[in-house]
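In: output the structure for:
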Amino acid sequence: MYRSSALQTREETVSADPRPRLVAFIDPLEGERDAKIEITIPGRKRYTGSPVGIKDPIALQYIASYFEQHGYRTTVLLRGLMGSEGILERLAELQQELVAVCIALHSTYLVPDVARLSKEIKARVGDLPIIVGGYHPTGDTDIVLEEGIDFAVIGEGEETALEIVRYAERGATLDEFREVLGIAYLDANGEKVVTPPRGRVDYAAVPWPKREREILELCQPGPLSYPPTGRVAQIAYSRGCPYGCTFCASPSMWNRKVNYRSAEDCAAEMKHLIVDYGVNNFFFCDLSFNGNRERLMELCDAVAAMKEEVGVPFGSHVMCTSTIIDEKILKAMKRANFWKIDYGIEDVLEGTISRVKSFQRVWKIRETLAATNQHGILMRGLMMIGFPWETEESVRIREDIIDQFPVDQLRICYFTPFKGTALYAECKDRIIVGLEGFTTDQPPIRCDGIDTQGLLDAVPRMLQRFYNSENYIATMSEKCENFPELADSYFHFWNYLRRKKLISERTHGRLIPVTRIRESAAARPVETAWRT
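Out: Numbering: from 1, shown residues only. Sure, this is the predicted structure:
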């Protein structure tokens, strides 16, 4: 456990060093690189239709930038690139300069790994304050009961993490930390303290994320992107989500309030990443990109204007709700190079939709998907199975319906009752896995009418059936012919599906010819915006 005296001793040791203090930021995601596109993550080896790629850790980069604005030096470390030992060695090298370590705990399944890493850091570099933040600590403040973790940030991290570090630097007692809003920690008696919540950060005033060229150089677009190859960066226009989906932890993090920055500022950051870092793909991590129609149209106008300035190809990938999409929005998005949309379909059974996403209807989803296809925009459908009320019959019915949904790419994950969600209380007695099983790639709960093995068998069967269906072949062939600019994107994706054994050789043989690309042309370079 962190003790203020430990940091005071460190301050005396480095008091002659005129440089600002150093704070390390760690993304704990760990995995093995696969063909420059994917990483295989321990505990997430079952494929549910969505690759996991190396991404620049935008949440940590925002907080690092905020710290630098307030006079600190920072370093951002990715365990997926360095491994645990590499991170420990780097922290040991920086030991005399470090004043704190911040770890992103964005996914529940990482809790055991982060707890182990925190103890290893303490053993290697001393009793520095270790701070964790993200969706999991916000929804489950018991994270501070884990040995090695000193403070949990509840909600947004910039102001709160900075205040924790400042208190620690001046040697504040544990009782004095009660003055810091929006944190959890253990007091001197080992009792958990949760302070009152902090208000939302003024997002428009937060500086751009601190980018690392060596990280961005390894960030590749997913297997279905436009342009299909190059370099991808995460970016955000807003923070928060106006909806209250019962399976989502967003309401506990953002309180259903959405804060925006200016459209011009977002477009300027995109231009900076294109020109200075060679980025040609953007992944917008906004939870509901189209939650505010007026704001969306403002950004489309700003990005379209920036597009004319840079004069090089780029594309963006966003997440949208299907309930606020119309012809005008789709036209504006296409004009601004928003080439791919993730739609949170969640389910195709009305009974389930009414319980988890009451504002959505299946007929509207179908209408939105059809309209999006007509504009030549790539789509990924995001779905779940394994709800508490799931049965073998509901899975069978869903399979028949999914075949008719005209999306380019499909992900089917398992419903997971994360702490902080509305459905957690209803499901907590059904949980059959430890925290490391909260990956969404394996069934974490006991269902009413289907066993775990039945659910495990269902997802690969549903994906294979979907991608090899006559409807998918016909829809994709027509779309590729109507929008030949997508040919390279489809070529990459269908070869990817073949490698994953999600489409048969026969299906692959029917799809690839419509791209009008010879097999020998697969390696031809795609024009990018790189100016490194």
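In: now do stretch 271-291: distance from first to last residue.
Out: The first residue of stretch 271-291 is 24 Å away from its last residue (CA to CA, to the nearest Å).
In: next one: the longest helix along the chain to chain centre, how far?
Out: Taking DSSP state H as the criterion, the chain has its longest helix at helix 293-310. For helix 293-310, the separation from the chain centroid amounts to 23 Å (computed by CA atoms, centre = their mean, to the nearest Å).
In: packing partners of the helix or strand just after it?
Out: Once the chain leaves helix 293-310, the next helix or strand it forms, by DSSP states H and E, is strand 315-320. Contact here means 3 or more CB pairs under 8 Å, 6 or more residues apart in numbering; DSSP states H and E; on that basis strand 315-320 packs against strand 281-284, strand 338-346. C-beta coordinates here come from the backbone N, C-alpha and C atoms, glycine included.
In: quick one, which of the ones you listed is nearest to residue 308?
Out: For these, the distance to residue 308 is smallest for strand 338-346, at 15.7 Å, taking CB to CB.
In: worst mean pLDDT among the helices and strands packed on strand 315-320?
Out: The minimum mean pLDDT among these belongs to strand 338-346 (a mean of 93).
In: quick check: angle from that strand to strand 315-320?
Out: 20 degrees (axes from the mean of the first three to the mean of the last three CA atoms, to 10 degrees).
In: list the contacts of the longest helix of the chain.
Out: By CB atoms under 8 Å, 6 or more residues apart in numbering, the list of residues contacting helix 293-310 from outside reads 237-238, 260, 263-264, 266-268, 270-271, 274-275, 289-290, 314, 316, 324, 328-329, 332-333, 335-338, 529.
In: output that helix as PDB, restricted to C-alpha atoms.
Out: Taking Å, rounded to 0.1, in the frame of the first residue of the first chain, the C-alpha atoms of helix 293-310 are listed here in PDB:
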ATOM      1  CA  ARG A 293     -27.800  15.400 -35.400                       C
ATOM      2  CA  GLU A 294     -26.700  19.100 -35.400                       C
ATOM      3  CA  ARG A 295     -23.300  18.300 -34.000                       C
ATOM      4  CA  LEU A 296     -22.800  15.500 -36.500                       C
ATOM      5  CA  MET A 297     -23.600  17.700 -39.500                       C
ATOM      6  CA  GLU A 298     -21.200  20.400 -38.200                       C
ATOM      7  CA  LEU A 299     -18.400  17.800 -38.000                       C
ATOM      8  CA  CYS A 300     -19.200  16.500 -41.500                       C
ATOM      9  CA  ASP A 301     -18.900  20.100 -42.900                       C
ATOM     10  CA  ALA A 302     -15.600  20.700 -41.100                       C
ATOM     11  CA  VAL A 303     -14.000  17.400 -42.200                       C
ATOM     12  CA  ALA A 304     -15.200  17.800 -45.800                       C
ATOM     13  CA  ALA A 305     -13.500  21.200 -45.900                       C
ATOM     14  CA  MET A 306     -10.300  19.700 -44.300                       C
ATOM     15  CA  LYS A 307     -10.500  16.900 -46.900                       C
ATOM     16  CA  GLU A 308     -10.100  19.500 -49.700                       C
ATOM     17  CA  GLU A 309      -7.100  21.000 -47.900                       C
ATOM     18  CA  VAL A 310      -5.100  17.900 -47.500                       C
END
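In: mind checking which of the contacts of helix 293-310 land in strands?
Out: In this view, the contacts of helix 293-310 that belong to strands under DSSP state E are 238, 260, 316, 338.
In: which residues does the closest residue to the last one other than its chain neighbours bridge with?
Out: Meaning residue 338. Of all residues not flanking residue 338 in the chain, residue 316 sits nearest, at 4.8 Å (CB to CB, 6 or more residues apart in numbering). Beta bridges link residue 316 to residue 282, residue 338, judged by DSSP bridges.
In: residue 316 contacts residue 284, correct?
Out: Yes: between residue 316 and residue 284 there is a contact at 6.2 Å, judged by CB atoms under 8 Å.
In: thanks a lot, catch you later.
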